[in-house]
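# please work out how this folds:
(2 chains)
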Amino acid sequence: MKRVFTFLFISVLVLTTALAVVSGSVVTSKYGVVAAANEYAARIGAEILERGGNALDAAIAVSFALGVAEPYASGIGGEGYAVVRLANGERYAVDFKSVAPALASYDKINGKLSSIKYTAKGACVPGVVAGAAEVWKIGATMPWAELIKPSIELARKGLVVNETFASVVSDTYERLLENAPEFLKEGMLAWEVGDIFTNPALANTLELIAKEGPAAFYKGKIADDIERFMLEHEGFMRKSDLENYKAVVREPLHGTYRGFDVYVPHPPVSGPQLLAILNILENFNLSAFSWEDPLAVHIIQQVLVLEDVDRRYFISDPDFFDLPTKGFISKEYAKTRLMELNLSKAMDPSTYFDHVGNAYAFEEGGTYEEVLLEGVKVSSVDPMDGYEFPSTTHFSVVDKYGNAVAWTQTLSSFFGTSMYVDGFFLNNEIGNFASTYREGDVINLEPGKRPRTTICPTIIEKDGKVRYVLGTPGGGRIISTITQLVVDLIDFGMSPEEAVKTPKFVGYAFYKDLRMEKGFPETTIRFLEEVLGHKVKLYEYPSLYFGGPNIVAVKSDGTMVGVGSIRRNGAAACPER
Amino acid sequence: MVLVFLTFNILAFGATTSTQVPMLEAPVMVVSAGQSPGALQFSVVAKMAKLPHTFEKLLRAEDFDPTKYKTLVLVVGASSKGLGAAGIDFEAEVKRVVALAEKAKAHKIPIVICHLEGATRRGPMSDRILDALAAYASIFMVKTSSDEDGKFKSLSEEFKVPLLYFQKTSDLKNIIQEHFVY
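Numbers count the residues shown, from 1 in each chain, chains lettered A, B, ... in the order given. I've put the predicted structure just below:
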């Protein structure tokens, strides 16, 4: 009772002292909406909109705020990707993925990369601050420091620890006690629900970044602190790595799905994979099914598996490989993938990797008939297995002017390496490279290479207007969850709230079973198992395992609906006017 | 105001059922039952309370020397990740902790069953362990948020074993200092 009392008291205090914004699991507004995995961060974004900032301003503020409010999921020691759509129709893909330090190599680890994931060696060069700076240059309207100020205040004044925060800290307690005791309550205890978490060290760091700009992180005191930490802990990263780091800005990749325009990131993240999946699904009249129909689940899940297999061959750092991205996202290539599907029986999981496609054959165009008649076959190596964590965070922003931002950021594992510098955690993205060197593998560790991950912030337009901004955390479940959001919204005609809440399932090349959230009818489960031959594994509903998707939808009259991450104590927020 | 103060004190410093609370003696063996980080958290609080204890995450009955310890604390909390890291499957974990409890009981060593990770660590696996161990308990020490469904209260009544609640993990220190002799 005391916990509830404290929580209510502080919540009321926060609400009454804040600017005129409204928040909840679902909000509707004509003045802009932020949807995120954390209510504090969503409200900070909405306050920026309320003060006249645009979606880019709000997104930058939310990015920093999430690093304070969810220090386990993302932060300035991490990386990410954002897709930006300006009101004038310009679109940008901002790649602020981390890069492997210059000293990182297989020779220096005497074994598998997995053995260094929770050490200083596991950290790649962080990109979040550089990414925020690029988004700011693209079209923010408020001063840089003003966008960081709310996060500094949040870090100083503190926030009420929620169930997700407490649960993640508890799960990671052993590692935190060993590597980052200064993060813990009283230097030794796990944060609990209802506690007030403050982070003065991070507040000081953010103050520097606010005052001196991104250079404070990449060239100044913070870079010095990171190098000192790395030297003390035998890590790979040096100040020179930070000085050389650059976020990359491109046009987003474009695909279509049933008349909608879909804008996604480039490799090394999963934008091409999502487009490839949608290209295959477009060949089915899914609207003739319902979300719980076992045949619809089967079709979608098998397509997800096929394209997860493809991802492992066709997605990596584009600066290191000539990737077949154009072929991978072509409608003709999708037809060859369609031919791999068996509608009456699930693929044998032990044969998944026999089903890899040949996207290279479609790089120069051509029809599927021409390519298949030529008999071209892809050569491959077995890809590496790896556990991907339900960590990461995503948020979506749309403003009243027509600007939109889909932004996903991460530390890789929850708390990343668990190495703690100046109030923030360093990512462990190095675990996303191949664990050991393998000839021909596209994700071998190389200095300067960006690791491949599954994040996919997405903007969907119709007739030149933003309709949906969405994304999710969730490691290996990310693309499955995003695909289901798109199908639920476009094919099944669900509201954004229904789409977020509908139970999710996974298609992933390393899962031998069909993992599903509880909530599907018993008949569906039985049909999948007994008729289609799937081995179903059920998870509680709602489960963080399936990510924390959130959406901002824009109706044809301009009304925006935001839905926060129900699987993660998330929220949407908007200005009152 | 007085009511709020009293409520706070009861929650913070422990409430008991009407059953007599035994005094517990040190040295204490602290063992994980389910491989979640709860047992380590107990050990950290025990250090704060200066309780002489040994923490063994994976202690097996055959390695437990009953002549060296006067109390066994089993901290319940099942973690798939923890079990995986320890290289032990769930059924083997249940057997391990039940065997440990049996040995302690045979040597008349009191057994504390503790749960301190709240409702999120009360999944089906944790409850399986709890059900398997409840009959061996001499006392339950439970965070209030771990017992939102009243399961510990029911077990306490069923087995006529005292139940001590604490609000925050740090409040466990007071319970240790009050109920252990050392």
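
# which stretches of the chain have low pLDDT?
Let's take chain A. A:1-19, A:111, A:376-390 (pLDDT under 70).

# hmm, no, I was thinking of chain B.
Looking at chain B by pLDDT under 70, you get B:1-19.

# which ones are touching the residue nearest the centre of it?
With distances taken as CA atoms, centre = their mean, the residue of chain B nearest its centroid is residue B:114 (1.7 Å). Residues near residue B:114 by CB atoms under 8 Å, 6 or more residues apart in numbering or on different chains: B:38, B:42, B:73-76, B:140-142, B:172. Backbone N, C-alpha and C define where each C-beta goes, glycine included.

# 6 Å - rerun?
By CB atoms under 6 Å, 6 or more residues apart in numbering or on different chains, the residues touching residue B:114 are B:42, B:73, B:75, B:141.

# return the closest of the residues you listed with respect to chain A.
residue B:42 (11.1 Å; CB to the nearest CB).

# which residues touch that closest one?
Counting by CB under 6 Å, 6+ apart, residue B:42 has contacts B:30, B:75, B:114.

# give me the element the closest residue to it other than its chain neighbours is part of.
In space, and not counting its chain neighbours, residue B:42 is closest to residue B:75: 4.8 Å by CB to CB, 6 or more residues apart in numbering or on different chains. Residue B:75 is part of strand B:71-76, with elements assigned from DSSP states H and E.

# helices along the stretch 1-150 of chain A, start to end?
A:2-17, A:39-50, A:55-69, A:128-139, A:144-157 (DSSP state H, counting those that start in this stretch).

# export those helices to JSON lines and tack on distance to residue A:544 and mean neighbour count?
Output for these, formatted as JSON lines (distance: least, CB to CB, whole Å; neighbours: other CB atoms under 10 Å in any protein chain shown):
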{"stretch": "helix A:2-17", "distance to residue A:544": "20", "mean neighbour count": "13"}
{"stretch": "helix A:39-50", "distance to residue A:544": "16", "mean neighbour count": "29"}
{"stretch": "helix A:55-69", "distance to residue A:544": "16", "mean neighbour count": "31"}
{"stretch": "helix A:128-139", "distance to residue A:544": "22", "mean neighbour count": "22"}
{"stretch": "helix A:144-157", "distance to residue A:544": "23", "mean neighbour count": "21"}
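
# right, and these - which one's nearest chain B?
helix A:2-17 (5.6 Å).

# how many neighbours does residue B:61 have?
17 (other CB atoms under 10 Å in any protein chain shown).

# OK, contacts around it?
Counting by CB under 6 Å, 6+ apart, the residues that residue B:61 touches are B:99-100, B:103.

# who wins on neighbours among these?
residue B:100 (25 neighbours).

# on contacts alone, who are the packing partners of whatever helix or strand that residue lives in?
Take DSSP H and E as the rule and residue B:100 turns out to sit in helix B:90-106. When contacts are defined as 3 or more CB pairs under 6 Å, 6 or more residues apart in numbering or on different chains; DSSP states H and E, helix B:90-106 packs onto helix B:124-133.

# roughly how far apart are the residue of chain B found nearest chain A and residue A:189?
The nearest approach of chain B to chain A comes at residue B:37, 3.8 Å away (CB to the nearest CB). As defined by CB to CB, to the nearest Å, residue B:37 lies at a distance of 11 Å from residue A:189.

# just residue B:99 next, same as before
Residue B:99 is 31 Å from residue A:189, by CB to CB.

# residue B:88 now?
Going from residue B:88 to residue A:189 by CB to CB gives 27 Å.

# between these two, which is the more surrounded one?
residue A:189 (22 against 15).

# residue contacts, the more buried one?
Residue A:189 touches B:169-170, counting by CB under 6 Å, 6+ apart.

# in the sheet, who's paired with it?
residue A:185 (DSSP bridges).

# got the residues of chain A near chain B?
Residues of chain A found near chain B (CB under 6 Å from any CB of the partner chain) are A:2, A:167, A:170, A:173-174, A:188-189, A:192.

# same thing but 7 Å
By the rule CB under 7 Å from any CB of the partner chain, the part of chain A lying against chain B is A:1-2, A:163, A:166-167, A:170-171, A:173-174, A:177, A:188-190, A:192-193.

# not counting its neighbours along the chain, what's nearest residue B:137?
Residue B:137 sits nearest to residue B:113 (CB to CB, 6+ apart), 4.4 Å away.

# which one is residue A:28 nearest to, not counting chain neighbours?
Residue A:28 sits nearest to residue A:561 (CB to CB, 6+ apart), 5.1 Å away.

# what about the strands in chain B?
Counting by DSSP state E, chain B has strands at residues B:24-25, B:28-33, B:53-56, B:71-76, B:111-115, B:139-143, B:163-166, B:180-181.

# so what's the gap between the fourth one and the chain middle?
Looking back up the chat, that one is strand B:71-76. 5 Å (CA atoms, centre = their mean, to the nearest Å).

# what of the first one?
The chain centroid and the centroid of strand B:24-25 are separated by 14 Å, computed with CA atoms, centre = their mean.

# helices and strands around it, which ones?
strand B:180-181 (3 or more CB pairs under 7 Å, 6 or more residues apart in numbering or on different chains; DSSP states H and E).

# give me the sheet partners of the strand it packs on and which way each runs.
strand B:24-25 (parallel).

# contact partners of the strand it pairs with?
B:70-71, B:110, B:112, B:179-181 (CB atoms under 7 Å, 6 or more residues apart in numbering or on different chains).

# buried ones only from these, please, as a PyMOL command.
Selecting only the buried entries of these in PyMOL, with 16 or more other CB atoms under 10 Å in any protein chain shown as the criterion:
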select buried, chain B and resi 70+71+110+112+179+180
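
# could I get the contacts of strand B:24-25 as TSV with distance to residue A:428?
Below are the contacts of strand B:24-25 laid out as TSV (distance: CB to CB, whole Å):
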residue	distance to residue A:428
B:70	42
B:71	39
B:110	42
B:112	36
B:179	41
B:180	39
B:181	45
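
# just give me the neighbour total for residue A:181.
Using other CB under 10 Å, the number of residues around residue A:181 comes to 14.

# so what does it look like in phi/psi?
When quoted as degrees, to the nearest 10, the phi and psi of residue A:181 stand at phi -60, psi -30.

# name the SS class of the nearest residue to it once chain neighbours are set aside, please.
In space, residue A:181 comes closest to residue A:187 once its chain neighbours are excluded; the distance is 5.0 Å by CB to CB, 6+ apart. Here residue A:187 is recorded as coil under DSSP: H, G, I helix; E, B strand; the rest coil.

# could I have stretch A:495-504 exported to PDB, CA atoms only?
Extracted C-alpha coordinates of stretch A:495-504, given in PDB (Å, rounded to 0.1, in the frame of the first residue of the first chain):
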ATOM      1  CA  SER A 495      -6.900   0.200 -34.800                       C
ATOM      2  CA  PRO A 496      -3.400   1.000 -33.600                       C
ATOM      3  CA  GLU A 497      -4.400   0.000 -30.100                       C
ATOM      4  CA  GLU A 498      -5.700  -3.400 -31.300                       C
ATOM      5  CA  ALA A 499      -2.500  -3.900 -33.400                       C
ATOM      6  CA  VAL A 500      -0.200  -3.300 -30.400                       C
ATOM      7  CA  LYS A 501      -2.300  -5.500 -28.100                       C
ATOM      8  CA  THR A 502      -2.900  -8.400 -30.400                       C
ATOM      9  CA  PRO A 503      -0.800 -11.400 -29.200                       C
ATOM     10  CA  LYS A 504       2.300 -11.900 -31.200                       C
END
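
# all set now, cheers.
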